[in-house]
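Colleague: predicted model and sequence below, questions to follow.
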Amino acid sequence: MDVAMTMRSVFVSGCMGLMMLVGASGRRASALENGVARTPPMGWNSWNKFACKGINEKVVRESADEMAANGMKDAGYQYVVIDDCWQTGRDAQGNIVADAEKFPSGIKALADYVHSKGLKFGIYSDAGTMTCAKRPGSIGHEYQDAQQYANWGVDYLKEDWCNTLPGQSSESSYTLMREALKATGRPIVFSICEWGSTKPWLWAGTIGNMWRSTGDIQDCWSCKKAWGGNGVVEILDQLAPIYSYAGPGHWNDPDMLEVGNGKMTTEEYRSHFSLWAELAAPLLAGNDLANMTPDTKEILLNKEVIAVDQDGLGAQGQRVKQTGELEVWSKQLADGGRAVVLLNRSDKAATITADWQAVGYPATVSAGVRDLWAHKDLGTKTGSYSAEVPSHGVVMVRVKP
Ligand code: GLA
């Protein structure tokens with residue numbers, strides 16, 4: 001090897017080392033360092049099932065009771081979050097006031113109750129003048145609201161983006177609330193909800209712990225005709241290209257779960273849950289926890305799938321193969337393994353093959369394969385793994401060389 005070549009290779013390996021360092025530290029530096037959401041937040045949110053009309057303190061208490069007793073808490077679900085419609089106005093000092101009919105005991109008492117169950121408590125506001133359901137927003141009251149939430153014992157804030165002022169900057173508005181939350185000294189998960197409208201993955205990494213990347217989810221597999229067209233597969237397609245922006249402390253948020261809300265099949269809900277875990281998405285159940293079918297419960301409590309979502313590496317899964325409506329997804333795991341999802345979007349059953357090369361290993365490698373829904377080791381496979389996948393279904397496996 002001549003001197004020039006040696007110099008070149010030193011330069012190249014030096015650059016690569018530098019790139020790796022920058023890559024690694026860049027990832028750390030781009031996270032909001034508020035000590036929370038190191039893995040995607042898990043819990044329950046009132047909106048998908050109860051919306052505005054159905055929310056009240058009884059529903060919240062019952063949901064906390066259920067979560068603490070039905071195995072969800074043990075499986076990692078933690079936050080009980082009230083969405084829109086808990087607030088009615090402001091008092092003479094500008095303090096936000098809860099709806100006295102729906103929440104007669106007040107928000108502090110409710111937060112205390114949720115905490116008494118060993119769970120955490122979340123609330124909702126909006127960066128504009130009014131929430132989406134026309135309740136008071138936080139604009140101009142950021143520090144006052146944040147302090148009020150902290151006094152009540154709030155652990156999680158979702159801030160929406162309805163009724164903002166013309167030209168209002170999403171980045172500045174959410175930065176202001178981040179600072180207001182920080183000033184309280186209480187660790188509070190900050191969930192940004194501007195529906196992906198200003199590409200938050202590009203700027204929110206140091207501002208929020210999670211950001212909605214799409215419009216509101218609908219309880220359907222593919223719903224091109226519904227508002228926003230955000231069924232499971234449409235959201236999946238919007239999340240696929242932005243995988244590199246997710247990591248510990250800062251997650252892409254494909255919206256809350258619809259599992260158990262009744263308009264999809266059990267097969268589709270199983271796929272929905274598997275894919276959200278593959279995406280390292282926050283897992284916020286959005287159903288009626290007090291009235292779950294055994295199927296719904298089995299899906300929400302699948303600890304092997306939850307472990308993929310909560311994996312410490314914090315990598316979002318990537319679509320590594322797409323053949324028409326048949327797809328293979330691969331998520332890198334902290335133990336060197338991969339969580340692989342074989343997804344059949346078509347209307348009939350099909351065989352799907354995950355080649356090790358697509359998944360991230362050399363073709364010659366032998367790897368152990370475990371089915372995360374059958375809860376069964378499938379033995380060692382070399383080069384690839386194939387399975388028959390039902391229509392709108394998934395097969396989800398953990399692969400470990
Ligand atoms: C928006 C959000 C939803 C929900 C409603 C409440 O549509 O995206 O998740 O919070 O507002 O009004």
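Modeller: Done, it's in.

Colleague: near the ligand, which residues of the protein are found?
Modeller: Residues of the chain lying near the ligand by C-beta under 6 Å from any ligand atom: 47, 83, 84, 131, 132, 133, 160, 193, 195, 216. Every C-beta, even on glycine, is put in place using the N, C-alpha and C of the backbone.

Colleague: out of the residues you listed, list just those in helices.
Modeller: residue 47 (DSSP state H).

Colleague: which among the residues of the chain next to the ligand end up buried?
Modeller: Using 16 or more other C-beta atoms under 10 Å as the burial test, those include 47, 83, 84, 131, 132, 133, 160, 193, 195, 216 as buried.

Colleague: so which of the residues of the chain next to the ligand are in strands?
Modeller: Using DSSP state E, residue 160 are the members of the residues of the chain next to the ligand that sit in strands.

Colleague: buried sites along stretch 383-397?
Modeller: Across stretch 383-397, burial judged by 16+ other C-beta under 10 Å covers 385, 387, 389, 392, 393, 394, 395, 396, 397.

Colleague: the first one in helix, strand or coil?
Modeller: What DSSP: H, G, I helix; E, B strand; the rest coil gives for residue 385 is strand.

Colleague: helices of the protein, start to end?
Modeller: Along the chain, counting by DSSP H, helices occupy 3-29, 47-50, 57-69, 72-75, 107-116, 142-152, 170-184, 232-239, 266-278, 294-300, 303-309, 356-359.

Colleague: as CSV, those helices with mean pLDDT would be great.
Modeller: Listed next are those as CSV, based on pLDDT from 0 to 100:
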stretch, mean pLDDT
helix 3-29, 36
helix 47-50, 98
helix 57-69, 98
helix 72-75, 98
helix 107-116, 98
helix 142-152, 98
helix 170-184, 98
helix 232-239, 97
helix 266-278, 99
helix 294-300, 98
helix 303-309, 99
helix 356-359, 98
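
Colleague: among those, which is nearest residue 325?
Modeller: Residue 325 lies closest, by C-beta to C-beta, to one member of the helices of the chain: helix 232-239, at 9.2 Å.

Colleague: what helices or strands is that closest one leaning on?
Modeller: helix 266-278 (3 or more C-beta pairs under 8 Å, 6 or more residues apart in numbering; DSSP states H and E).

Colleague: in this structure residue 397 contacts residue 370, no?
Modeller: Yes. Taking contacts as C-beta atoms under 8 Å, residue 397 lies within contact range of residue 370: 6.1 Å.

Colleague: for these two, list the residues in contact with both.
Modeller: Taking C-beta atoms under 8 Å, 6 or more residues apart in numbering as the contact rule, the neighbours common to residue 397 and residue 370 are residue 378.

Colleague: hmm, back to that, from the buried ones among the residues of the chain next to the ligand, which is closest to residue 248?
Modeller: If you rank these by distance to residue 248 using C-beta to C-beta, residue 193 comes first, at 20.5 Å.

Colleague: dump the residue contacts of the closest one.
Modeller: For residue 193, the contact set (C-beta under 8 Å, 6+ apart) comprises 158, 159, 160, 161, 211, 212, 253.

Colleague: any regions of the stretch 151-300 of the chain where pLDDT drops low?
Modeller: For the stretch 151-300 of the chain, the stretches with pLDDT under 70 are 225-228.

Colleague: quick check: closest non-adjacent residue to residue 182.
Modeller: residue 34 (6.9 Å; C-beta to C-beta, 6 or more residues apart in numbering).
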